[in-house]
Every structure is written in structure tokens, then in C-alpha cells.
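[1] I would like to see how this sequence folds:
(2 chains)
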2 protein chains.
Amino acid sequence: MPRVFNFSPGPATLPEPVLRQAADEMLDWRGSGMSVMEMSHRGKEFMSIQAEAEASLRELLAIPPNYTVLFLQGGGIGQNAIVPMNLIGRTGRADYVLSGDWSKRSADEAAHFGPIRIAASSEEGGRYLRMPAPSEWKLDPGAAYVHYCANETIGGVECFWTPDTGGVPLVSDMSSNLLSRPIDVSRYGLIYAGAQKNVGMSGLTLVIVREDLLGHALPTTPSVFNYQIQAKADSMYNTPPTYAIYIAGLVFKHVQSLGGLAAMEAHNRAKAAVLYDFLDQSRFFSNPVEPADRSRMNVPFWLRDTSLDEVFLKGAQARGLVQLKGHRSVGGMRASIYNAMPIEGVRALVDYMREFEARHG
Amino acid sequence: MPRVFNFSPGPATLPEPVLRQAADEMLDWRGSGMSVMEMSHRGKEFMSIQAEAEASLRELLAIPPNYTVLFLQGGGIGQNAIVPMNLIGRTGRADYVLSGDWSKRSADEAAHFGPIRIAASSEEGGRYLRMPAPSEWKLDPGAAYVHYCANETIGGVECFWTPDTGGVPLVSDMSSNLLSRPIDVSRYGLIYAGAQKNVGMSGLTLVIVREDLLGHALPTTPSVFNYQIQAKADSMYNTPPTYAIYIAGLVFKHVQSLGGLAAMEAHNRAKAAVLYDFLDQSRFFSNPVEPADRSRMNVPFWLRDTSLDEVFLKGAQARGLVQLKGHRSVGGMRASIYNAMPIEGVRALVDYMREFEARHG
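    Next up is the predicted model:
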């Protein structure tokens, strides 16, 4: 079958040149006689792969030298516990801002490790349709950190500004929008991201942490998830997810070759505009999110007549437009359009939606 | 370059047919138009891959139905914390048996979660050269569990018998010898293994746990590492390491095609015999481990004249015999000869050692 347009929220579509290179190098990485999967993590071949991946990431995000990059495991949901385990010890309490299901889950998990306060929430009637505005953030200056989610994949709410938290370290879950546009890392205390959206395959978690925040881990923090221990060991206190790091490195190089994060932002803006412009003029499809906070990564939308949901999905599948079903908690549809989704995929989706509306609307 | 004989202790050599299939399917898994890396973990394609991998593993190990199989992250070293987090709560204390560096590390990490008692240790003068005999295990009948390491990759000490612990649940770190021979799973409370030896690539951890042991997790156990939560969610409480599970599934099928674990045992016995028989007649190379406890997976050996270590390694590399350097904590050499190492690789190594001894011995 030809390659489909895969709108999965994650694991998600990857750049085809990256997959081709991975296939080509599978049995023999650059004359080593080994697959990357087979390499000792402490051998010179893999050490060079990891170092190069880190260097590319540092260049893409312009990560300042006083930030450590960690390659960990356990995903974004793992970090919901690992962040408080490592950071809450500094003052003993933390603030959370709620803008959707993921930030709510982060706050719920953190509550096992100390008192958590909700500094702002945009929840209304069980739904989150916007980011809490800066003026709504009621911060505790004594919090060890304040946590928010930069992009909510279920609700389709994204934060396009960098919160000003005074001196309180800002922790951001960027699992689903890291690398989609430039950010100013120096404004953050810690950024984390599961890899399976814009970075690569699942099983790898990136953590970018300001070094002065290390050293406050609770005594029951597993050593493999103690940021300070892993920072000292170059993420090799245990065997890192080597193949996932290799794939991430290939993705980073690919993004660099396309012009870096400014080019990604232009590309992602253009794709999102195609979809939201269509939704806003449609009388059959709709997206309820506050326009300024609409995610460029995940676009949930609903059919006016939900009894046609299955018909819509089946017709999409027949055209090679797959994984469009919305999250089970909210229903409807969702198009995830990360970096690796070409604009042709979004156009093909909109063409299909237009035809579907003409037939059923 | 032709494929080398890779003696890495892990990540380690993988079966070439598995790598070929992974390369062939990289851009399009069985007509799906997607790479396995790109599949939503909740889509029917990946769900079938994970279910098939679990079914193969259950068949290979004859896992009884009252055991849950979990696909987690964090590796064996992660389990050093995750095991006590989940199990020690049953009675509040646990026993550990020491047979090398890995079991020592397991005990040290567990001590953060409750009182740990050393039930037996074979340490003498800082070295471990044998398994503590069954008569030396002084078990606490009130322990929540007793933990041992079934194969120590650094010392090259393996346990070939199943300890009888009365009613105390037996926990085994089988990271480096799982799937190398048949075992009786029903004798264990819990078995865990990082995947990067006989199972596949790093970034995946297998946990096989008797269901009645679930439900005692400490309140600060991260949800993604709470066995009961993951058991209820079929290991999908968070996004699992999907590609690593796919590769493990291919390895399981490959082992089945070769005749299962009885065939693996015969193959591994034959390979180990070639190497140990040579070592025992050599006057230049030696292995100090008690013969009954010598690992079939990791064979450390020393040159009589250690000033020739680098010469030995360089000559080996030139013949395509790679990753033979011993662990930095003990020096010398180490040949890791997991399932996927062909006997030709071991014979090529012994041929080289024989020539080296003739020239330098």
C-alpha cells in the first residue's frame, strides 16, 4: 500500500527520509557491521550518535549552556511523578495551571508528593476551551515550581506565549509541541516531552532542566529518574533507549535541513490555517476552541450530525486519511498535524471534508 | 562492512532475520501504509502486534494464566526501585541474595523503600565467584519477597537452579538470561528483564508477575510504574515503547521458529562449552568462576599478561570480533554470547585466542 496520511495523535507520522535512512542502516550502521540496536551504549559508535543528537537538539532550540539535556524513559505521564519527585523538595509545594485533561492529570499525580495548588484553570462545565489568561494565574511566590501544559492534545488548546512567573521556576509539558516552533528556553526551569510526536518514536523522554534546580530529589526517587544522577552520568546511569535516541537524532538533522524551527513554525501555521479556515466557514463541521488558543498540532472537530461519525471515518480511511477518530473522552474527530504531516495531507483532508459536507450537510 | 561478531554485554547482537524483517517493514507494515513507529498504540494494528508478542512470550515461557505480563520502561535498574515500590508494602521488609554487582545494586536501591536484609552473599574480598548455595540462604519467612539475580553479567555468575523459598515470593532479575533456557515460571512471584540482551532493543522492560502480589504499591509509586495500574491497562496506562515491543515480538517468533527455549538451551550450552573448555586448558587465559556457576551468557576472562590487553582487543577488532573489553570495574575481557550469537562467532573467538596464546603465551 502507498504511504497513508496518518493523523494519529502519537505515536505519529515521521518524516519519510528518516524512515528510509533507518531502514538502509538497519543491518550495518556506517560500516560498523552492527545495527544501532545492537551497539553497546558505552561503545564509541553509540556515544557519537547520542552526542550528535544532543548537539542537534541544542542547536535547534538554542539551549543555553546552563541547561542539561536528559534522555530518559517513561514518557510524559512518567514525568507527572518524576518532576515533583525531583523538584518539589526545594520548597515543599508547587503550583499547577489547568488548561485540559493532560495538565489535570499532571496535577493529580503530583499531589502524591506534596501539597499542590491550582494557580489557574480554564475548566468550565467539564470542558477546557482556552488557556487561562496571564492575569488569571495566581502564583504562590514560595512554590517550588509552576507547571503548565503547552499543548493539550485532547482539547486542542495550545499556549502561544511564555508565562511570566517572576522568580518561580516554570515547568512546561511540551510533549506535543516541542520543535514545532522556536521557544526561549531561558524562560523555563524545566521542559519535558515524550518523543512520540515531533521527536521520534515512543519510549524516549526528553528533559531539559536548568542546572541550579538539580539536587532536591526526594529520597524515594528511583535513581534512574533522579535528574542529578542522570545528569552526572550523561543519561547513562542505566542503559538509555538507544534506538529511540538514534531516531530522534535523525529527526533533528532532518528538521535542521528544512531550516530549523522558524521554518517548522511557518509550515505549521500554514497547515493549521488550511484546516481552521475551512472549519470556520463550514456549517457542518466545527471547532469550539477560543481562536487565539487553537492548537496548531491537534485540531479536534465535530460533525453537526454525530450519527455520521462512522461514515466519515470509513470514507476517510478509504482515501488513505487514517487515525482521525477523536479521543474517547470527548468523541468527534481529531486531526493531529505535527511537523511531519505534509500540507498535502491537510489539503486532502479538507477536500474530503468539503465533499462530505456537500453530500451530507 | 560485513556483519561483525558482536560480543557486547547489551545492547547486544540480534538475529539477522529479525533485523532484515524490521528493515523491510520500516516504511509500510503489512500494507498499513505506516511504519510501526508511527502507529497509534491504541490503533488495531499496534494492538495486534502487542497481543501477538505477549502470546508468543507466554508460549515460549509457558507462563501460567495467573501471571500478568507487563511491557514497561526504565530497564532492569529501574526495577531496582520499582520492585520494592510495588511489593515491599505487603509485609514492610524484604530479603536480598547477593551474587555479584547487579544484585548488590538492587539491594542498595531497595533500601530506600524499607528495611532490606541480606539473606545470603557470596562476596569474598570484594569479588563474587559463585552463587550462594541453597543451604546458605537464611530466609525471613515474614519478608515481602526475596530477590536474587539469575545471571550476573559483570562477574559471569549464573544460577542454574530455582531457589526454594517456602512461601516467600521469589523475585528474579533475569535481565541477562531470560529466554536462554526453559524455566518454571510458577516457582516465581515476579521475574523482570531489561530487553537488551535476549529479547530485543533497550528501552523495554518485561515484568512477569503473579497476580495475587498486585495491590500493595506504596502511595508514592509513579502510576506508570504501578504494576496493578498497568496490568488493568494492558501496559497502556501511558504510551508503551511500541517499536521495542514490535522488535521483541519478532525475536520471540524467531526463537519459536528455532525450536523454543529447549533449543536455545542446547545451543547456549554448546557455545559456552567451546569457550570454557578452551579456557580450562589454556595457560594464558583464565576464568576464576566456580565451574557449576559459570554463566552461559557472559564469559569474563583474563590474560595472564594484562599489558597485552590492548593488543588482544586490537587484533580481535581487526578480525571482526568486537566489544570484548571487560567491565571497567573488573578489567580483563568479557565475551557475551547471548541467544543471537552464533556458535561460529564463539569458534572464531577461540581460534583467535589460541593463535594469540601461541604467539604471546
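[2] so what does the one helix or strand A:Ala55 maps to touch, helix or strand wise?
    For A:Ala55, the enclosing helix or strand under DSSP states H and E is helix A:44-61. Packing partners of helix A:44-61 (3 or more Cβ pairs under 8 Å, 6 or more residues apart in numbering or on different chains; DSSP states H and E): strand A:67-72, helix A:242-257, helix A:260-281. (C-beta placed from N, C-alpha, C; glycine too.)
[3] so of the ones you listed, which one's packed in deepest?
    helix A:242-257 (a mean of 23; mean count of other Cβ atoms under 10 Å in any protein chain shown).
[4] tell me the secondary structure for A:Arg334?
    Per DSSP: H, G, I helix; E, B strand; the rest coil, the secondary structure class of A:Arg334 is strand.
[5] so where is the stretch 1-150 of chain A shaky, pLDDT-wise?
    Low-confidence segments of the stretch 1-150 of chain A (pLDDT under 70): A:1.
[6] In it, what residue spans correspond to helices?
    With helices called from DSSP state H, counting those that start in this stretch, the stretch 1-150 of chain A shows them at A:16-24, A:44-61, A:75-87, A:101-110.
[7] circling back to that earlier point, I'd like to know which of the helices and strands packed on helix A:44-61 lies nearest to A:Arg127.
    helix A:260-281 (17.3 Å; Cβ to Cβ).
[8] quick one: strands adjacent to the helix or strand that comes right after the closest one?
    Once the chain leaves helix A:260-281, the next helix or strand it forms, by DSSP H and E, is strand A:285-286. If you go by DSSP bridges, strand A:285-286 pairs up with strand A:298-303 (antiparallel).
[9] and A:Lys104, how many neighbours does it have?
    18 (other Cβ atoms under 10 Å in any protein chain shown).
[10] And the helices of the stretch 1-150 of chain A: which comes nearest A:Gly259?
    helix A:44-61 (10.7 Å).
[11] so how far is that closest one off the chain centroid?
    Relative to the chain's own centre, helix A:44-61 is displaced by 20 Å; criterion: Cα atoms, centre = their mean, to the nearest Å.
[12] Same check on stretch A:278-297?
    Computed by Cα atoms, centre = their mean, the separation of stretch A:278-297 from the middle of its chain amounts to 21 Å.
[13] Could I get the buried residue list for that stretch?
    Residues A:Phe278, A:Leu279, A:Ser282, A:Phe284, A:Phe285, A:Asn287, A:Val289, A:Asp293, A:Arg294, A:Ser295, A:Arg296, A:Met297 are the ones in stretch A:278-297 that count as buried (16 or more other Cβ atoms under 10 Å in any protein chain shown).
[14] What of stretch A:218-232?
    A:Leu218, A:Thr221, A:Pro222, A:Ser223, A:Val224, A:Phe225, A:Asn226, A:Tyr227, A:Gln228, A:Ile229, A:Gln230, A:Ala231.
[15] For stretch A:211-231, give the mean pLDDT please.
    The average pLDDT for stretch A:211-231 rounds to 98.
[16] what about that stretch, start to end distance?
    End-to-end distance for stretch A:211-231: 9 Å, by Cα to Cα, to the nearest Å.
[17] does chain B sit close to it?
    Yes. Against chain B, stretch A:211-231 shows contacts by Cβ under 8 Å from any Cβ of the partner chain at A:Leu218, A:Pro219, A:Thr220, A:Pro222, A:Ser223, A:Val224, A:Phe225.
[18] Give me the contact status of stretch A:109-123 with chain B.
    Yes. Judged by Cβ under 8 Å from any Cβ, stretch A:109-123 and chain B are in contact via A:Glu109, A:His112, A:Phe113.
[19] How far off centre is that stretch?
    21 Å.
[20] Which residues does that stretch contact?
    Here stretch A:109-123 makes contact (Cβ atoms under 8 Å, 6 or more residues apart in numbering or on different chains) with A:77, A:80-81, A:83-85, A:88, A:92-99, A:104, A:107, A:128-132, A:136-140, A:143-144, A:146-147, A:157, A:218, B:219-220, B:222-223.
[21] cool, stretch A:279-288 as well?
    Contact partners of stretch A:279-288, identified using Cβ under 8 Å, 6+ apart, comprise A:127, A:129, A:156, A:276, A:278, A:294, A:299-305, A:353, A:356-357, A:360-361.
[22] Buried by neighbour count, from those: which ones?
    A:129, A:156, A:276, A:278, A:294, A:299-303, A:353, A:356-357.
[23] could you redo those residues as CSV and give each row distance to B:Leu261?
    Shown next, in CSV, are the buried ones among the contacts of stretch A:279-288 (distance: Cβ to Cβ, whole Å):
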residue, distance to B:Leu261
A:Leu129, 55
A:Gly156, 48
A:Tyr276, 55
A:Phe278, 56
A:Arg294, 54
A:Val299, 49
A:Pro300, 47
A:Phe301, 51
A:Trp302, 52
A:Leu303, 52
A:Met353, 53
A:Phe356, 53
A:Glu357, 57
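[24] which residues does A:Leu206 bridge with?
    With DSSP bridges as the rule, A:Leu206 is bridged to A:Phe71, A:Ala193.
[25] Was I right to think it contacts A:Gly74?
    No. Using Cβ atoms under 8 Å, A:Leu206 makes no contact with A:Gly74, being 11.7 Å away.
[26] can you pull the contacts of the nearest residue to A:Asn6 once chain neighbours are set aside?
    Of all residues not flanking A:Asn6 in the chain, A:Thr13 sits nearest, at 4.2 Å (Cβ to Cβ, 6 or more residues apart in numbering or on different chains). Residues near A:Thr13 by Cβ under 8 Å, 6+ apart: A:Phe5, A:Asn6, A:Phe7, A:Tyr338, A:Ala340, A:Met341, B:Met34, B:Glu38.
[27] In contact with the residue lying closest to the first one once chain neighbours are set aside: list those residues for me.
    Same thing as A:Phe5. Using Cβ to Cβ, 6+ apart and skipping the chain neighbours, the partner closest in space to A:Phe5 is A:Gly345 (3.6 Å). By Cβ under 8 Å, 6+ apart, A:Gly345 lies in contact with A:Phe5, A:Phe7, A:Leu321, A:Ile337.
[28] Show me chain A divided up by domain.
    As given by automatic domain parsing, the domain ranges for chain A are A:17-257, A:260-360.
[29] deepest of those, which one?
    Comparing the domains of chain A by mean neighbour count (mean count of other Cβ under 10 Å), domain A:17-257 ranks first with a mean of 21.
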